[in-house]
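In: build me a model:
(one chain, ligands or ions: 2)
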Amino acid sequence: MEPGPPSGSRPTEQGPCLSGLLGAHQAAPASSPSAAGAEPGRCPLSVAAVLPAGGCGERMGVPTPKQFCPILERPLISYTLQALERVCWIKDIVVAVTSENMEAMNSIIQKYQHKRISLVEAGGTRHRSIFNGLKALAEDQPDSKLSKPEVVIIHDAVRPFVEEDVLFKVVIAAKEHGAAGAIRPLVSTVISPSADGCLDHSLERARYRASEMPQAFLFDVIYEAYQQCSDYDLEFGTECLQLALKYCHTNAKLVEGSPDLWKVTYKRDLYAAESIIKERISQEICVVMDTKEGEEHIGLLLEAVLKCELNHVKITSGALQHAGSDLQRIISEQCYNFVCVNVMTSDFQDTQKLLSILEESNLSTLYPVVVVSVHFLDFKLATLGQKMENLMWIRGFAKEMKRRNILLCGLLVCYPQDEQKLQESLKQAAIIIAALIKERNSGLVGQLLVA
Ligand SMILES: Nc1ccn([C@@H]2O[C@H](COP(=O)(O)OP(=O)(O)OP(=O)(O)O)[C@@H](O)[C@H]2O)c(=O)n1
Ligand SMILES: O=C(CO)[C@H](O)[C@H](O)COP(=O)(O)O
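Out: Residues are numbered from 1 along each chain as shown. Ligands and ions are numbered 1, 2, ... in the order given. Prediction:
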């Protein structure tokens, strides 16, 4: 009997006893960055990336290839490009797309201001697309503006949540071992069916890993492997690490990746990706208020209730009066949610001022920005006409803002004299604000909600 945990055991995050259970060449924790004498942000190698993006996404079951499917109205591939281009030590990103999608890809690059991207034509299979990307980086290419990197990262265009940390780890491991790839514990057990559709045998789950992306290679190793490999490999192969092993005798180092590295494959993966993105951009709210009212400012009370209701969210406040420093810093730190407090007033001056600052900042280029314009009113004193006036104004203005990817909603908060009732309406306001930010539902744009 083979060693290892019982076959029904759950794989753990870290992948237990990998080095003990697998062949010595197969797996061990990747070299720590410090051992390699480098750390993220200061990668001592010349590194480029190849992104295969020429598939048709058959398993997704929609006419649009999945890399172009919108998530919060932005194509999936743009998120992956953003994840790679924010890593400053990746000097070139070569994307393989089919000729019919070349124009669409160029528009995406332009619209979302992606940098360091070169396009090549995709092949009929993933391996052929990757090979085309590598050829563009090889030094024997005439008229190429690209130069051969020491290490090349290969990453699927449909894995948008890749972090600098894992990219760095595979690059450093590839420098040392010639090849490296991210792995994850298996979710299901792998079984082998017999020809008559019955179970032939099952593999011991804890001894195997799912091979994910990113992977990295010494450029010369992977280019050599692709040049040598057979048509059968190019047509049916699914594993670049295997090509490096088969044709260059390079045993890849395996690096534990994060759960978010999975490949968007089915429709449900698009929903999962959208939820992850929404969650990530909802982690900070900025409450914008003027500074006129001093310590009793109702905006500060709302901020306190929001902090209490949303205890995992970072809540900051910015003063509109000094729209220079505070607010600019919050925007530059990429806060995508703003609550603008208009005290006892039915006009939108402060909100308008905030919106023009946001428009100028281009913050909404990559993600929709939520702005909730809050108006405190004593409902006994305010007339219906006054409220309707607000409603009409915000609808028209929100439509305009929507074109700039800014989702504007209005929120009327009852401001009674009674302290307890005030707390109740503040709490209700916080619940509505949280829902607007979490859901980012463009169908609610321009609505005036009441707390
Ligand atoms: N001829 C191909 C096929 C696939 N890919 C890319 O390889 C990555 C991973 O492949 P996969 O998930 O299989 O994508 P599709 O082939 O598009 O999906 P499906 O297998 O469901 O058709 C994707 O970014 C895909 O666009 C590619 O560049 N060229
Ligand atoms: O799984 C992989 C790693 O080895 C690759 O990411 C690849 O996506 C698999 O190929 P495909 O799903 O296109 O057949």
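In: burial of the residue of the stretch 301-450 of the chain found nearest ligand 1, as a residue count?
Out: Closest to ligand 1 within the stretch 301-450 of the chain is L366: 20.2 Å, counting by C-beta to the nearest ligand atom. Where you see a C-beta, it was placed from the backbone N, CA and C, and this is true even at glycine. By other C-beta atoms under 10 Å, 18 other residues sit near L366.
In: report the separation between it and E85.
Out: 11 Å (C-beta to C-beta, to the nearest Å).
In: same question, A244
Out: On the measure of C-beta to C-beta, A244 and E85 end up 26 Å apart.
In: more neighbours: these two, which one.
Out: A count of neighbours by other C-beta under 10 Å puts A244 above the other of A244 and E85, at 27 against 17.
In: residues in this structure within reach of ligand 2, list them.
Out: R126, D156, S211, M213, T238, E239, K263 (C-beta under 6 Å from any ligand atom).
In: one more pass at 5 Å, please.
Out: Within the chain, the positions near ligand 2 by C-beta under 5 Å from any ligand atom are R126, D156, S211, M213, T238, E239.
In: using the three-state scheme, assign the residue most central in space within the chain.
Out: Centroid-nearest residue in the chain, with C-alpha atoms, centre = their mean: F161, separated by 4.6 Å. On the three-state scheme (DSSP: H, G, I helix; E, B strand; the rest coil), F161 is labelled coil.
In: now do the contacts for the nearest residue to Q417 once chain neighbours are set aside.
Out: Beyond its immediate neighbours in the sequence, the residue positioned closest to Q417 (C-beta to C-beta, 6 or more residues apart in numbering) is D378, lying 7.6 Å away. Residues in contact with D378 (C-beta atoms under 8 Å, 6 or more residues apart in numbering) are M344, C414, Y415, P416, Q417.
In: and the helices in this protein?
Out: Taking DSSP state H, the helices of the chain run over residues 18-21, 76-85, 102-111, 126-137, 164-177, 219-228, 231-236, 240-248, 267-281, 298-309, 325-332, 349-361, 384-402, 419-439.
In: what is the burial count for the residue nearest to V190 when sequence neighbours are not counted?
Out: Among residues not flanking V190 along the chain, L203 sits closest, at 4.6 Å (C-beta to C-beta, 6+ apart). For L203, the neighbour count with other C-beta under 10 Å is 13.
In: give me the phi and psi angles of L203.
Out: phi -90, psi 150 (degrees, to the nearest 10).
In: that one touches T189, doesn't it?
Out: Yes - counting by C-beta atoms under 8 Å, L203 does reach T189; the two are 6.8 Å apart.
In: picking up where we left off before, in strands, which of the residues of the chain next to ligand 2 fall?
Out: Using DSSP state E to define strands, the subset of the residues of the chain next to ligand 2 located there is S211, M213.
In: turn the residues of the chain next to ligand 2 into JSON lines, columns for pLDDT and neighbour count.
Out: Shown next, in JSON lines, are the residues of the chain next to ligand 2 (pLDDT from 0 to 100; neighbours: other C-beta atoms under 10 Å):
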{"residue": "R126", "pLDDT": "98", "neighbour count": "20"}
{"residue": "D156", "pLDDT": "98", "neighbour count": "23"}
{"residue": "S211", "pLDDT": "98", "neighbour count": "18"}
{"residue": "M213", "pLDDT": "98", "neighbour count": "24"}
{"residue": "T238", "pLDDT": "96", "neighbour count": "10"}
{"residue": "E239", "pLDDT": "98", "neighbour count": "15"}
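In: how about the contacts made by Q113?
Out: By C-beta under 8 Å, 6+ apart, the residues touching Q113 are T365.
In: separation between the residue nearest to A429 when sequence neighbours are not counted and V374?
Out: Among residues not flanking A429 along the chain, A451 sits closest, at 4.0 Å (C-beta to C-beta, 6+ apart). Distance, A451 to V374, by C-beta to C-beta: 9 Å.
In: what about S192, neighbour count?
Out: 9.
In: could you find the closest non-adjacent residue to it?
Out: D200 is the one closest to S192 (C-beta to C-beta, 6+ apart), at 4.6 Å.
In: next: V305.
Out: Nearest in space to V305, with sequence neighbours left out and distances taken as C-beta to C-beta, 6+ apart, is L426 at 4.3 Å.
In: so that neighbour sits against L301, correct?
Out: Yes - counting by C-beta under 8 Å, L426 does reach L301; the two are 6.0 Å apart.
In: higher neighbour count, these two?
Out: L426 (24 against 15).
In: quick one: contacts for that one?
Out: L301, L302, V305, V413, A451.
In: of those residues, just the buried ones, ChimeraX syntax please.
Out: Buried residues within these, by 16 or more other C-beta atoms under 10 Å, are selected in ChimeraX with:
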select :302,305,413,451
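In: any regions of the stretch 101-250 of the chain where pLDDT drops low?
Out: 140 (pLDDT under 70).
In: go ahead and confirm V151 touches Q215.
Out: No - shown here, V151 and Q215 do not form a contact pair, counting by C-beta under 8 Å, at 10.8 Å.
In: give me the spatial nearest neighbour of I109, chain neighbours excluded.
Out: Per C-beta to C-beta, 6+ apart, closest to I109 is I117, 5.4 Å.
In: related to what we said a few turns ago, overlap in contacts of V151 and Q215?
Out: In contact with both V151 and Q215: no residue, using C-beta under 8 Å, 6+ apart.
In: low-confidence ranges in the stretch 251-400 of the chain?
Out: 291-296, 321-324, 344-346, 379-388, 390-391.
In: flag every residue of it that's near ligand 1.
Out: Proximity of the stretch 251-400 of the chain to ligand 1, by C-beta under 5 Å from any ligand atom, involves no residues.
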